[in-house]
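Enquirer: Just need the structure, nothing else, for what follows:
(one chain, ligands or ions: 1)
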Amino acid sequence: MLNFELMLGLYIHIPFCSAICNYCNFNRGLFDAALKEQYVAALRREIALHADGTPADTIYFGGGTPSLLEPAEIEAVIRTCRAGFSVTADAEVTLEANPETVTVERLAAFRQAGITRVSFGVQSFRDDELRRLSRLHSAARAADAFAMARHAGFDNISLDLMMWLPQQTIPEWLQSVDALIGLAPEHASLYILELYPNAPLREAMARGQWSLAPDDDAADMYLEAMARLDAAGYQQYEISNVARPGRESRHNLKYWTDGEWLGFGCGAHSTRRAVRWKNLSSTTEYIAAVASAGPLVAERRPLSPREALEEALFTGLRLTRGIDVNTVKDRYGVDVSDIYRHQLEPFLEAGVLIYDGRLLRLSRAGMLLANEVMARLLPPPPKLPRDLARAQTAKAGNSPVVD
Ligand code: SF4
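Expert: Prediction:
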């Protein structure tokens with residue numbers, strides 16, 4: 001049997017949103033029904049271009065807001081994937097969804113279309129925080145969306161929350177964590193809000209005189225949230241991600257375990273056979289390029305063995321299980337515990353890193369210092385796809401996770 005980490009993951013980027021959130025730095029634009037139709041047709045053509053029958057066990061619709069597509073469109077894209085790749089019968093097929101876009105009927109139709117897992121962008125279970133983030137849904141709508149997904153038959157649901165929001169206190173953050181635990185999803189992602197330089201949220205913060213809690217509070221938010229999720233039976237498997245046993249995101253694990261994936265759609269990244277490439281970012285340029293059979297790829301570069309090794313270490317250290325030094329040796333021919341010995345020693349002594357002779361991992365407290373550890377071990381990472389970048393880009397200092 002093939003190991004799932006050795007099978008391809010297929011990422012499908014859907015760049016449309018009903019409104020643009022004031023903190024968002026993703027590749028997205030406003031929904032346009034006509035453009036969406038052309039885009040779905042282009043996506044299917046691009047997928048068919050790469051079709052080579054390779055086994056794949058995950059399909060991930062990310063965005064943007066993929067739940068703005070019609071179930072028939074999702075079904076058609078999945079069908080194209082299945083026609084072009086050997087998608088396993090038990091493949092994990094995830095749809096990112098915004099709570100305000102779903103109904104029981106739509107969710108049931110998505111399930112019928114082949115979606116097996118729904119990931120809701122909740123961000124907060126407090127209405128004041130959601131308003132500050134200019135989100136379109138309320139806390140009640142998020143809880144309703146979750147109930148609708150259960151009603152539609154989904155038994156694999158993930159909820160995203162963001163912490164260290166403007167004006168957020170530790171108890172307010174924990175209120176959202178407790179609300180999430182109360183719903184009992186199979187998976188949860190907790191990110192720290194990242195304020196990119198020109199984010200409209202920065203202006204809103206200045207106008208509203210909203211401030212961020214001190215850095216130490218961000219660390220406490222993270223540690224207390226993880227402690228509550230532990231107590232509720234979740235297992236942390238990555239710096240920002242927890243799951244019920246066996247419900248880890250199989251797709252995202254490919255990014256963190258040196259796997260391979262093909263990304264389709266505007267701005268999508270792919271990594272395969274030690275080559276990384278990125279599609280044109282603009283939705284209209286992407287559609288035009290597919291239509292004219294012109295070049296779709298904006299950047300392409302082979303990963304040198306050293307880059308591939310460093311990236312395997314960088315991503316592997318984000319997993320709670322850490323890096324298997326023997327596996328790295330088999331794959332890259334280097335003994336990490338030996339070549340990085342001097343850099344590792346102070347972290348091992350401080351309990352930031354733990355090494356048992358085979359697995360090298362960050363302690364939970366060490367996860368708060370993940371960026372510092374990685375910066376000392378490795379040069380800055382290359383540009384990475386959204387899910388990976390979101391999970392990997394930590395704020396300078398002690399912030400473990402971002403959105
Ligand atoms: S945060 Fe999500 S829903 Fe909001 S604009 Fe960005 S991609 Fe769209």
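Enquirer: Mind listing what's buried along the longest strand seen in the chain?
Expert: In the chain, assigned by DSSP state E, the strand with the most residues is strand 86-97. Of the residues in strand 86-97, 87, 91-97 count as buried by neighbour count, 16 or more other Cβ atoms under 10 Å. Yep, even glycine has a C-beta here, placed from its N, CA and C like the rest.
Enquirer: Can you lay out these as CSV showing pLDDT?
Expert: Below are the buried residues of strand 86-97 laid out as CSV (pLDDT from 0 to 100):
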residue, pLDDT
Val87, 98
Ala91, 98
Glu92, 98
Val93, 98
Thr94, 98
Leu95, 98
Glu96, 98
Ala97, 98
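Enquirer: out of these, which one sits closest to the ligand?
Expert: Taking Cβ to the nearest ligand atom as the measure, the ligand lies nearest Glu96 of the buried residues of strand 86-97, at 8.2 Å.
Enquirer: Quick check: that closest one touching Ile74?
Expert: No: judged on Cβ atoms under 8 Å, Glu96 makes no contact with Ile74 at a distance of 11.5 Å.
Enquirer: Listing partners with orientation, what would you give for the longest strand of the chain?
Expert: Strand pairing for strand 86-97, using DSSP bridges, gives strand 55-63 (parallel), strand 117-123 (parallel).
Enquirer: Is it possible to get those out as CSV so that each row also shows distance to the ligand, mean neighbour count and mean pLDDT?
Expert: As requested, the strands paired with strand 86-97 are exported to CSV (distance: least, Cβ to the nearest ligand atom, whole Å; neighbours: other Cβ atoms under 10 Å; pLDDT from 0 to 100):
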stretch, distance to the ligand, mean neighbour count, mean pLDDT
strand 55-63, 6, 24, 97
strand 117-123, 6, 26, 98
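Enquirer: for the stretch 51-200 of the chain, what spans make up the helices?
Expert: Using DSSP state H, counting those that start in this stretch, the helices assigned to the stretch 51-200 of the chain run over residues 71-84, 104-113, 127-132, 139-151, 170-183, 200-208.
Enquirer: swap that for the stretch 251-400 of the chain, please
Expert: 283-291, 305-316, 325-332, 336-339, 341-349, 364-367, 370-377, 386-392.
Enquirer: where does this protein come near the ligand, residue by residue?
Expert: Applying Cβ under 6 Å from any ligand atom, we find that the chain lies next to the ligand at 17, 20-21, 24, 26, 28, 63-65, 98, 121.
Enquirer: redo that, cut-off 5 Å
Expert: For the chain, the residues in contact with the ligand (Cβ under 5 Å from any ligand atom) are 17, 20-21, 24, 26, 28.
Enquirer: Skip the chain neighbours and tell me the closest residue to Ser134.
Expert: Asn22 (4.3 Å; Cβ to Cβ, 6 or more residues apart in numbering).
Enquirer: Glu299: neighbour count?
Expert: By other Cβ atoms under 10 Å, 11 other residues sit near Glu299.
Enquirer: now Leu190: how far from the ligand?
Expert: 16 Å (Cβ to the nearest ligand atom, to the nearest Å).
Enquirer: surely that residue meets Tyr222?
Expert: Yes: counting by Cβ under 8 Å, Leu190 touches Tyr222, with 7.3 Å between them.
Enquirer: about what we covered before: the residue nearest to Ser134: what's it in contact with?
Expert: Contacts of Asn22 were listed using Cβ atoms under 8 Å, 6 or more residues apart in numbering, and they are 133-134, 199-201, 204.
Enquirer: Now do the SS call for it.
Expert: Assigned by DSSP: H, G, I helix; E, B strand; the rest coil, the conformation of Asn22 is coil.
Enquirer: Buried subset of the residues of the chain next to the ligand as a PyMOL selection?
Expert: Restricted to buried positions by 16+ other Cβ under 10 Å, the PyMOL selection for the residues of the chain next to the ligand reads:
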select buried, resi 17+21+24+26+28
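Enquirer: just curious, which of the residues of the chain next to the ligand is nearest to Asp178?
Expert: Asp178 has its nearest neighbour among the residues of the chain next to the ligand in Cys21, at 23.9 Å by Cβ to Cβ.
Enquirer: what about the residue nearest to that closest one when sequence neighbours are not counted, how many residues close to it?
Expert: Excluding the flanking residues, the one nearest Cys21 by Cβ to Cβ, 6+ apart is Ser134, at 5.3 Å. Ser134 has 15 neighbours, counted by other Cβ under 10 Å.
Enquirer: so how far is Ala19 from Ser134?
Expert: For Ser134, the distance to Ala19 (Cβ to Cβ, to the nearest Å) stands at 7 Å.
Enquirer: do the same with Ala232
Expert: For Ala232, the distance to Ala19 - Cβ to Cβ - is 33 Å.
Enquirer: just Glu260 next, same as before
Expert: Applying Cβ to Cβ to Glu260 and Ala19 gives a distance of 35 Å.
Enquirer: okay, the two: which has more neighbours?
Expert: With neighbours defined as other Cβ under 10 Å, Glu260 and Ala19 compare such that Glu260 has more, 18 against 14.
Enquirer: I'd like the distance between the more buried one and Leu10.
Expert: From Glu260 to Leu10 the distance is 11 Å (Cβ to Cβ).
Enquirer: Likewise for His151?
Expert: As judged by Cβ to Cβ, His151 and Leu10 stand 28 Å apart.
Enquirer: which non-adjacent residue is nearest Ile47?
Expert: Per Cβ to Cβ, 6+ apart, closest to Ile47 is Thr80, 4.8 Å.
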